[in-house]
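Novice: What follows is a predicted protein model with its sequence.
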Amino acid sequence: MSSTPQHQGGSFLTVGCVLRESLPVTLHFVSWYLREGADRIILSFDDPDDAAIAILKDHPNVDCIPCTEAFWQSIGINPAVRFARRQNLVMSHFYKLQSAGWFFYVDGDELLHLKGRTLRAELEATPKDIRSVTFQPAEHIQSPEVPGAAQFRLAMSRPEVRRVYGPQAGLMQKRQGLSGHTIGKTANRAGQTGLTMRQHFMQHPDGTVVMDRVLGPAEGAYLLHFFDQGYDIWRAKLPWRLASSGFPGRIKVVLNEMLALEDPEPALRALYDQMHVFDNARLAELADCGACLALDMDREALIRQYFPAHVDALHTAVRYAEDPS
């Protein structure tokens, strides 16, 4: 892994990720954060044979780390521990190697969008006494009646959740109308010591979290979380998410009850549609609550900008891991 150029000082931006995603998702992730101004993108591939490694390994701004047995041993991590813990331990390892600038730790399905500026510009303008900047999530939803624009939902109040989700509101209250996390992800200044890296922030030994500045919709800041990428992928990832902290308790109970049915698919599909598929009427309800974000996102065009020789691979590479643990 290359060393941090000292002349960049406090403006140097490193994005770190432990991932197991499809080739299109990985290439889009890298292209996105290159456009956001990342000087270095550290990709730790949970699958050491990931097809993206051959494409990205020679890119001057990307460090590809295949998570082989030798790698796990070299940093003292047991590869048998659950995926989320492996993520935290690996990113803690790479954070400690950063000598300057900022370190932004995200998942492979998370893309930061800031209205009118890049991530690099936002962090460069951050006062020197601010140690961390947390970006709140916007969660992708399916919108089959609105082709072209990508739709996202934002966190809502309890009355708004009841209005939008009706009979299923009880399953959506815990996370303010979202299915994934509600905290967001945090960019941390390099060089902080005595702290532990967690998925959403860093914390002191006594459990005190480091969240000096929090930016969200009011500041035009959105961590675009592609928790949902269609029913087939949602269904494939269901066993892993149920075995981890992917769902809050009540949804987990309902999903396990459905999986115990002789034919669980109709019930699972109906629940998925209620949670993730929004027609025009439901999108209007989100908008009335101030909880809807629409963005024009052309994934292929962005990848073509940074990896033109590999665009054709996007139409054939559809490998999603069923169990990333």
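Specialist: Yep, it's here.

Novice: And residue 109, how close does it get to residue 42?
Specialist: Between residue 109 and residue 42 the computed distance is 17 Å (C-beta to C-beta, to the nearest Å). In this view, the C-beta of every residue, glycine as well, is placed from N, C-alpha and C.

Novice: err, residue 189, not the other one
Specialist: Residue 189 is 17 Å from residue 42, by C-beta to C-beta.

Novice: Kindly report the same for residue 231.
Specialist: To residue 42, residue 231 is 32 Å away according to C-beta to C-beta.

Novice: same thing with residue 181?
Specialist: 21 Å.

Novice: Residue 84: what secondary structure?
Specialist: helix (DSSP: H, G, I helix; E, B strand; the rest coil).

Novice: before we move on, what about residue 222?
Specialist: Quick answer, by three-state DSSP: residue 222 is strand.

Novice: now swap in residue 205 and tell me
Specialist: Per three-state DSSP, the secondary structure class of residue 205 is coil.

Novice: sorry, back to before: compare residue 109 and residue 42 (neighbour count), which wins?
Specialist: Between residue 109 and residue 42, counting by other C-beta atoms under 10 Å, residue 42 is the more crowded of the two (24 against 20).

Novice: tell me what the helix or strand harbouring the more buried one is packed against?
Specialist: Here residue 42, judged by DSSP states H and E, is contained in strand 40-45. Here strand 40-45 touches strand 13-19, helix 23-35, helix 52-56, strand 62-66, helix 83-96, going by 3 or more C-beta pairs under 8 Å, 6 or more residues apart in numbering; DSSP states H and E.

Novice: quick one: which of the ones you listed is nearest residue 118?
Specialist: When the helices and strands packed on strand 40-45 are compared by C-beta to C-beta, helix 23-35 sits nearest residue 118, at 7.3 Å.

Novice: What residues sit buried inside that closest one?
Specialist: Neighbour counts over helix 23-35 (16 or more other C-beta atoms under 10 Å) mark 23-34 as buried.

Novice: nearest to residue 66, of those?
Specialist: Nearest to residue 66 among the buried residues of helix 23-35, counting by C-beta to C-beta, is residue 26 at 13.2 Å.

Novice: how much space between the closest one and residue 249?
Specialist: If you go by C-beta to C-beta, the gap between residue 26 and residue 249 works out to 32 Å.

Novice: again with residue 112
Specialist: In this structure, residue 112 and residue 249 are 29 Å apart, going by C-beta to C-beta.

Novice: Which one's more surrounded, those two?
Specialist: residue 112 (22 against 8).

Novice: where does that one fall, helix, sheet strand or coil?
Specialist: Residue 112 ends up strand, using three-state DSSP.

Novice: That one and residue 284: what is the separation?
Specialist: 27 Å.

Novice: go on, residue 183?
Specialist: For residue 183 relative to residue 284 (C-beta to C-beta), the value is 28 Å.

Novice: Ok, residue 247 next?
Specialist: Taking C-beta to C-beta, one finds residue 247 at 27 Å from residue 284.

Novice: out of these two, which sits in the busier spot?
Specialist: residue 247 (20 against 12).

Novice: Surely the more buried one and residue 240 touch.
Specialist: No: under the criterion of C-beta atoms under 8 Å, residue 247 makes no contact with residue 240, lying 10.9 Å away.

Novice: which residues touch residue 298?
Specialist: If you count contacts by C-beta atoms under 8 Å, 6 or more residues apart in numbering, residue 298 has none.

Novice: now the one 5 residues further on
Specialist: By C-beta under 8 Å, 6+ apart, the contact list for residue 303 reads 24, 27-28, 31, 310-311, 314.

Novice: Looking at the residues you listed, spot the one nearest residue 199.
Specialist: Nearest to residue 199 among the contacts of residue 303, counting by C-beta to C-beta, is residue 28 at 21.1 Å.

Novice: mind checking pLDDT for the closest one?
Specialist: Looking at residue 28, its pLDDT reads 96.

Novice: Checking my notes, residue 253 in a helix, right?
Specialist: Yes: counting by three-state DSSP, residue 253 is found in a helix.
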